[in-house]
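Engineer: pasting the sequence and the predicted model now:
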Amino acid sequence: MCSTACSARSRRARGQATVELAVAFPFVIAALLLVLQVGLVVRAQVLVVHVAREAARAAAVGERAPPPTGLDPARTTVEVLGGGGAGSQVTARVTHRLRTDAPLIGPLLPDLDLRGEATMRVE
């Protein structure tokens, strides 16, 4: 008698697990896409700071600032302030408008303004 009752119980448990998975799956996917978008924002912020350092270094040694690598140049502004004689300081400020474009999650979030700044001594 237990074999019939036990098999019916196990079929119901499998069915319940399938329903629970179907209900939870969209939330799991949304969470993974949100983590992906956060990773893209962190990567872009690291690139903005890197571009600011490179622009400040170039200005400190009297070179032209390199183009922002890894970032969309149309959405990036580089501003160099200061300078002058040896020993003075030069500051580079970089602003980048990041498009949030992860599937499903990106359109729900506004575009972000990322900023980076670096100061170096003129050589």
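Structural biologist: Nice, I can see it.

Engineer: Ala92 pairs with what?
Structural biologist: Beta bridges link Ala92 to Val80, Ala118 when assigned by DSSP bridges.

Engineer: which residues touch it?
Structural biologist: 52-53, 55-56, 59, 65, 78-81, 117-119 (C-beta atoms under 8 Å, 6 or more residues apart in numbering). Where you see a C-beta, it was placed from the backbone N, CA and C, and this is true even at glycine.

Engineer: could you do Leu33 as well?
Structural biologist: Applying C-beta under 8 Å, 6+ apart, we find Leu33 in contact with Ala102, Pro103, Leu104, Ile105.

Engineer: just to be sure, it is in a helix?
Structural biologist: Yes. With DSSP: H, G, I helix; E, B strand; the rest coil as the criterion, Leu33 is part of a helix.

Engineer: can you find the helix or strand in this protein with the smallest mean pLDDT?
Structural biologist: Least confident helix or strand of the chain, by mean pLDDT, DSSP states H and E, is helix 2-60 with a mean of 86.

Engineer: and that helix, how far from the chain's centre?
Structural biologist: Offset of helix 2-60 from its chain centre (C-alpha atoms, centre = their mean, to the nearest Å): 15 Å.

Engineer: okay, the contacts of Ala92 in JSON lines with neighbour count and distance to Pro110 next?
Structural biologist: Below are the contacts of Ala92 laid out as JSON lines (neighbours: other C-beta atoms under 10 Å; distance: C-beta to C-beta, whole Å):
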{"residue": "Ala52", "neighbour count": "25", "distance to Pro110": "23"}
{"residue": "Arg53", "neighbour count": "17", "distance to Pro110": "27"}
{"residue": "Ala55", "neighbour count": "27", "distance to Pro110": "27"}
{"residue": "Ala56", "neighbour count": "27", "distance to Pro110": "29"}
{"residue": "Ala59", "neighbour count": "22", "distance to Pro110": "32"}
{"residue": "Ala65", "neighbour count": "17", "distance to Pro110": "29"}
{"residue": "Val78", "neighbour count": "23", "distance to Pro110": "23"}
{"residue": "Glu79", "neighbour count": "12", "distance to Pro110": "23"}
{"residue": "Val80", "neighbour count": "17", "distance to Pro110": "28"}
{"residue": "Leu81", "neighbour count": "13", "distance to Pro110": "28"}
{"residue": "Glu117", "neighbour count": "17", "distance to Pro110": "23"}
{"residue": "Ala118", "neighbour count": "20", "distance to Pro110": "26"}
{"residue": "Thr119", "neighbour count": "15", "distance to Pro110": "30"}
